[in-house]
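1. What follows is a predicted protein model with its sequence.
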Amino acid sequence: MKWWTAEFLLVTIIAACGHKEGLPWSGRALIHDGGGVSMQDAPPARSPAQRCPTQKMTAFTKQTGCHNDGNVEFCIPNQDAALLSTIQAISASVKCTSGGGRAHCNPSTELLCFYPTSLENCLTRYGEPTDAAWMQLCQIAALPQVREIVPTWFE
């Protein structure tokens, strides 16, 4: 039985690199059909709306994403500098601090982070986020360390 063929090694390397949907540069996917590995057309890419983990945005939708007191908020582990860098690379306007907030962060282990919903990120005040802002929120929600994103309400 041939285990270490070139195709097997290529599939193993791609899987180890995290390319789960095939070869990103070719539009083709490696398919293991039990008898070997073959290249086939990749399934169509999912649209951004299909990829957005909206189940983590429990108190708002895209249409109501700016209906809050100026931010949406979420928690991240407080000792994860790489995660904070990743989030700030997604949106440099995210600010994190200690506190519980509406997201109910644990102040001893988590940071409370705020994504601003100012007019820069929203089509109208209390309305819908811009497409760019929504994509940033989707990217943040897709991070496994982010449990939930909720609107900020000051009392």
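-> Yep, that arrived. Residues are numbered from 1 along each chain as shown.

2. Going by neighbour count, list what's buried in stretch 124-131.
-> Neighbour counts using 16 or more other Cβ atoms under 10 Å place 128-129 of stretch 124-131 among the buried residues. C-beta here means a position set from N, CA and C on the backbone, and glycine is covered the same way.

3. give me the low-pLDDT residue ranges for the chain?
-> The chain contains residues with pLDDT under 70 at 1-50, 155.

4. Recalculate using a threshold of 90.
-> Flagging of the chain using pLDDT under 90 yields the residue ranges 1-51, 58, 69-70, 125-126, 153-155.

5. how's it carved up into domains?
-> Residue ranges for the domains of the chain, per automatic domain parsing: 6-41, 48-151.

6. what's the most buried one of those domains?
-> domain 48-151 (a mean of 17; mean count of other Cβ atoms under 10 Å).

7. Just the strands from this structure, written as ranges.
-> Using DSSP state E, the strands of the chain run over 28-32, 37-41, 71-77, 95-97, 110-116, 150-151.

8. Given the shortest one, what are its sheet partners and their directions?
-> It refers to strand 150-151. When pairing is defined by DSSP bridges, strand 150-151 lines up against strand 71-77 (antiparallel).

9. Give me the angle between the strand it pairs with and strand 110-116.
-> With axes from the mean of the first three to the mean of the last three Cα atoms, to 10 degrees as the basis, strand 71-77 and strand 110-116 are set at 150 degrees to each other.

10. who's in contact with strand 71-77?
-> With contacts defined as Cβ atoms under 8 Å, 6 or more residues apart in numbering, strand 71-77 is touched by 57, 60, 65, 83-84, 87, 96, 101-106, 109-117, 137, 140-141, 143, 145-152.

11. again with stretch 88-95
-> 87, 113-116, 120-121, 136, 139-140.

12. Stretch 123-142 too?
-> By Cβ under 8 Å, 6+ apart, stretch 123-142 touches 48, 51-54, 56-57, 62-68, 72, 74, 87, 90-91, 94, 115, 117, 119, 121-122, 146, 149.

13. how far away is residue 104 from residue 150?
-> 9 Å (Cβ to Cβ, to the nearest Å).

14. If we ignore the residues flanking it in sequence, what's nearest residue 61?
-> Excluding its sequence neighbours, the residue lying closest to residue 61 (Cβ to Cβ, 6 or more residues apart in numbering) is residue 54, at 7.2 Å.
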